[in-house]
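> pasting the sequence and the predicted coordinates here, then a few questions.
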2 protein chains.
Amino acid sequence: MDRRAEDLTARARIRDAAIRLFGERGIEGASIRDIAAAAGVSSGLVRHHFGSKESLREACDDYAKERMLEVSAELATTEGVAALDPVALHPRVFPLQLYLVRSMMDGSDTATALFLGAVETIEEWSAGYGIEPQDRRAYSAALAAIKLSVFVFRDQVSKALGEDITTPSGYARIGQGLLDVFSIPIITPEQMDAIRKQEK
Amino acid sequence: MDRRAEDLTARARIRDAAIRLFGERGIEGASIRDIAAAAGVSSGLVRHHFGSKESLREACDDYAKERMLEVSAELATTEGVAALDPVALHPRVFPLQLYLVRSMMDGSDTATALFLGAVETIEEWSAGYGIEPQDRRAYSAALAAIKLSVFVFRDQVSKALGEDITTPSGYARIGQGLLDVFSIPIITPEQMDAIRKQEK
DNA sequence: CACTTGACTACACGATCGTGTAGTAGTTTG
DNA sequence: CAAACTACTACACGATCGTGTAGTCAAGTG
């Protein structure tokens, strides 16, 4: 996951390869043999270190969660508005984000707990920030999902922009797009009242 | 996909079961035997009608796309702001949405084309609506991804709200949350200028 | 020195996968 | 009536999956 390349222990290389392949292909889509090959070890060693595929996934969950909270703690002190939750949008954690999203979609409790933590962080942040939505919980949940969406659809967004959003240039563009979404109100208060009446 | 239950042709039942299971478990996670069992037919009949798993997926892509465009055409005439793109948020098409998202994540061209079409629709809509983002393309791509995000994380959002967002009540709540996101600017123009300068 | 321990590989197992083949029953068509 | 076609099932195939077993090798440890 980091700059250190081949001088990692085999266990760490397996875990990193698992996070990458699980994230790219999904849990079912990445076999133990694939992961072993990507880590440059035998498939038996994966079992030796992690016991089973499910245990390997749990180990990946724990590591991704830990690293994620580390990074978000760093960002919270060094950056501003952009770091408003523990599942922040940042190129440094692309592979981790990818993996966590896949893990969530496969029903991981650890990954889901991270999401719920992000929702609560956003709740507190929005309250302190003076934002007063109709339903703060729903508002925070929507924002948490939104912050992950450009990761999920990174291929589609990249295709729409004509450049890879994992590159600095593309990342800057989609970041700008999100800033626009967050700064330009689409719906006026009058329209919202109209919609709410219409629903009743 | 519709109210009509068991009086569908076997071919249609297979296709509907495939869309549901592919959407729930991912393409790799749903086997042809699972789909056949869910449709109440033999696994051989799946092959008879669709040839291969890949062909079945393409048939699901085409059907989901067609249905999606149908529904969005209906919504465009009957509803207002909520129907601003062909991949609209609407409980009627939950299974289709779910499937299309999985299909996108597995690299389907048809599903990706739907996404790109949505981006263009949002581009035109936002221009006609008088919205002037810094980067209209990036803005539209971000919005397209955002509109799909609550589907992707439906389990997590439901857990955060304490109620299933596929029920009318839960759907109304998360819909309200999205309305709040779209109506309350998080970032002021001054803050945005500050961020842009900081990046340079 | 003998003994243990942990990292690691090679290989074989049963289950399940997508796919292929053969055949049956019912309808259509000439 | 026979031939052809369509919907459909049963069953077997090779490949790949997660897992299990046995063993090698190097580094400690008494």
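Thanks, I have it.
> what's the helix or strand that A:Cys60 is a member of packed up against?
Using DSSP states H and E, A:Cys60 maps to helix A:53-78. Contact partners of helix A:53-78 among helices and strands, from 3 or more CB pairs under 8 Å, 6 or more residues apart in numbering or on different chains; DSSP states H and E: helix A:10-25, helix A:32-39, helix A:43-50, helix A:94-105, helix A:109-128. All C-beta spots, glycine's among them, are computed from the backbone N, C-alpha and C.
> need the winner for burial among these.
With neighbours defined as mean count of other CB atoms under 10 Å in any protein chain shown, those peak in mean count at helix A:94-105, which reaches a mean of 23.
> is any residue of that helix near chain B?
Yes - residues of helix A:94-105 are located near chain B by CB under 8 Å from any CB of the partner chain, namely A:Val101, A:Met104, A:Met105.
> make a markdown table out of the helices and strands packed on helix A:53-78 and add mean pLDDT and distance to B:Ser55.
Output for those, formatted as a markdown table (pLDDT from 0 to 100; distance: least, CB to CB, whole Å):
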| stretch | mean pLDDT | distance to B:Ser55 |
| --- | --- | --- |
| helix A:10-25 | 95 | 21 |
| helix A:32-39 | 97 | 25 |
| helix A:43-50 | 96 | 32 |
| helix A:94-105 | 92 | 25 |
| helix A:109-128 | 93 | 33 |
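> check chain A and tell me which residue is nearest its centre.
Centroid-nearest residue in chain A: A:Gln97, 3.1 Å away (criterion: CA atoms, centre = their mean).
> would you agree that residue is in contact with A:Ser149?
No - with contact defined as CB atoms under 8 Å, A:Gln97 does not count as touching A:Ser149 (11.1 Å).
> let me know the pLDDT of A:Pro86.
pLDDT, A:Pro86: 42.
> give the buried residues for the helix holding A:Cys60.
A:53, A:56-61, A:63-65, A:67-68, A:71-72, A:75 (16 or more other CB atoms under 10 Å in any protein chain shown).
> output stretch A:159-175 as CSV - backbone C-alpha positions only.
Written as CSV, here are the backbone C-alpha positions of stretch A:159-175 (Å, rounded to 0.1, in the frame of the first residue of the first chain):
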residue,chain,number,x,y,z
LYS,A,159,-14.5,8.0,-19.1
ALA,A,160,-16.9,11.0,-18.8
LEU,A,161,-14.0,13.4,-18.2
GLY,A,162,-11.8,11.9,-20.8
GLU,A,163,-9.0,11.5,-18.2
ASP,A,164,-8.2,9.1,-15.4
ILE,A,165,-9.4,10.6,-12.1
THR,A,166,-6.6,8.7,-10.2
THR,A,167,-4.1,11.0,-11.9
PRO,A,168,-3.5,14.4,-10.2
SER,A,169,-5.0,16.3,-13.1
GLY,A,170,-8.2,14.1,-13.2
TYR,A,171,-8.5,14.1,-9.4
ALA,A,172,-8.3,17.9,-9.4
ARG,A,173,-11.1,18.1,-11.9
ILE,A,174,-13.6,15.7,-10.2
GLY,A,175,-12.7,17.4,-6.9
